[in-house]
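> predicted coordinates and the sequence they were generated for:
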Amino acid sequence: MLILQRKAGESLFIGDEIEVSVLSVEAGRVRLAIDAPKSVSILRSELKNAAATNREAADEEASPLTLLNALRDAGGPQGSE
């Protein structure tokens, strides 16, 4: 794992085609812009975790209540940012 510090207005590259820019840092939150080819999937971690939980629950035939609780713990349904 590589750990970097960046300020608003600075960016970093992942390979030759992916650029991550820091738009702002306010009240403990960082706004990022990610420029990547359409073939690269970009997901927030809570959505990826919810999808994995959903797949596991489907395999285990978990109750709908278990699925709802997993989504609620993941931050619930929200608009994309």
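Yep, that arrived.

> ranges for the helices of the protein?
Using DSSP state H, the helices found in the chain span residues 45-60, 64-73.

> with distance to Glu26 and mean pLDDT added, can I get the ones you listed in CSV?
For every residue, glycine as well, the C-beta is placed using N, CA and C. Converted to CSV, the helices of the chain look like this (distance: least, CB to CB, whole Å; pLDDT from 0 to 100):
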stretch, distance to Glu26, mean pLDDT
helix 45-60, 21, 79
helix 64-73, 26, 79
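
> tabulate those (a markdown table), appending distance to Ala33 and mean neighbour count.
Listed next are these as a markdown table, based on distance: least, CB to CB, whole Å; neighbours: other CB atoms under 10 Å:
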| stretch | distance to Ala33 | mean neighbour count |
| --- | --- | --- |
| helix 45-60 | 18 | 13 |
| helix 64-73 | 27 | 12 |
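
> export these to JSON lines and append columns for distance to Ala8.
As requested, those are exported to JSON lines (distance: least, CB to CB, whole Å):
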{"stretch": "helix 45-60", "distance to Ala8": "22"}
{"stretch": "helix 64-73", "distance to Ala8": "31"}
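
> top strand in this structure by residue count?
The single longest strand within the chain, with elements called by DSSP state E, is strand 18-26.

> for Arg72, give its distance to Pro37.
Computed as CB to CB, to the nearest Å, the Arg72 to Pro37 distance reads 34 Å.

> any idea how this structure splits into domains?
1-41, 43-76 (automatic domain parsing).

> can you give me the buried ones in the longest strand of the chain?
20, 22 (16 or more other CB atoms under 10 Å).

> contact partners of that strand?
6-14, 30-37, 40 (CB atoms under 8 Å, 6 or more residues apart in numbering).

> can you give the strand pairings for it, parallel or anti for each?
Strand 18-26 pairs in its sheet with strand 11-14 (antiparallel), strand 29-35 (antiparallel), by DSSP bridges.

> distance from the first one to the middle of the chain?
What it means is strand 11-14. Offset of strand 11-14 from its chain centre (CA atoms, centre = their mean, to the nearest Å): 17 Å.

> contacts for it next, please.
4, 6, 19-22.

> format those as TSV; extra columns: distance to Leu65 and pLDDT.
Shown next, in TSV, are the contacts of strand 11-14 (distance: CB to CB, whole Å; pLDDT from 0 to 100):
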residue	distance to Leu65	pLDDT
Leu4	41	93
Arg6	42	94
Glu19	42	97
Val20	38	97
Ser21	41	97
Val22	40	97
